[in-house]
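Trainee: coords please:
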Amino acid sequence: MSITLIVLLVIVAVVGLFAVSIYNNLVQLRNRYKNGFAQIEVQLKRRYDLIPNLVETAKGYMKHERDTLEAVIAARNEASKGLSAVAADPGNADAIANLAGAEGALGGAMAKFSMVMEAYPDLKANENMMQLSEEMTSTENKVAFSRQAFNDMVMAYNTAKQTFPAVIFAGMFGHGQDASLLEFADSAKMQDAPKVSF
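Mentor: Below is the predicted model:
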């Protein structure tokens, strides 16, 4: 009888240690993707801070393009709100989808802004505008790299919780819902960082 009890205690201990290991791994992976989003947040905030400077610099040259400038600022503000919502909960699929949509709208507004600027060669030659454009391009590259790293971390988390035996424990440990990838509109076309030219 004592051998049976010892065997049962060993089995319970092994299962318990195994469950603790799975729990710790899932927490670690979830914290990694949340940190990955924090890196995206830093870069997006930097980009959102650069946009008003671009618009202010362009205002003096683009007096007849007020609608375009206002559209850029409105899209930037919506994207900033979306970013705040995701920062509060990077695992929220709806918040991620809203941010992706807002980023798509911002990308469209920035593309229109860039096209309109082609008609203003003096603005493109402005030293302040060239510096802001360089910073914007650098930031776009950092956003792309941060987004790729975040999506890799999300995939690692989702894969870890969906594989056996973690799938048995994931729901019990509060890891029932998959984290969402951050994919901006036209992700298939956006394999390279967006080109911002002024």
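
Trainee: For the lowest-mean-pLDDT helix or strand in the chain, give me every contacting residue.
Mentor: The least trusted helix or strand in the chain, going by mean pLDDT, DSSP states H and E, turns out to be helix 121-125, with a mean of 85. Outside helix 121-125, the residues that touch it by Cβ atoms under 8 Å, 6 or more residues apart in numbering are 57, 58, 61, 62, 117, 118, 129, 130, 198. Yep, even glycine has a C-beta here, placed from its N, CA and C like the rest.

Trainee: Now do the buried residues in stretch 85-95.
Mentor: Buried positions in stretch 85-95, judged by neighbour count with 16 or more other Cβ atoms under 10 Å: 86, 87, 90, 91, 92, 95.

Trainee: continuing past the helix or strand containing residue 10, what's the next helix or strand?
Mentor: Per DSSP states H and E, residue 10 falls inside helix 2-59. The element immediately downstream of helix 2-59 (helix or strand, assigned by DSSP H and E) is helix 66-88.

Trainee: hmm, who's touching that following helix?
Mentor: Surrounding helix 66-88, the residues in contact under the criterion Cβ under 8 Å, 6+ apart are 37-38, 41, 44-45, 48, 51-52, 54-55, 58-59, 62, 92, 95-96, 98-99, 101-103, 105-106, 108-110, 112-113, 116, 182.

Trainee: what's the average pLDDT for that helix?
Mentor: The average pLDDT within helix 66-88 is 94.
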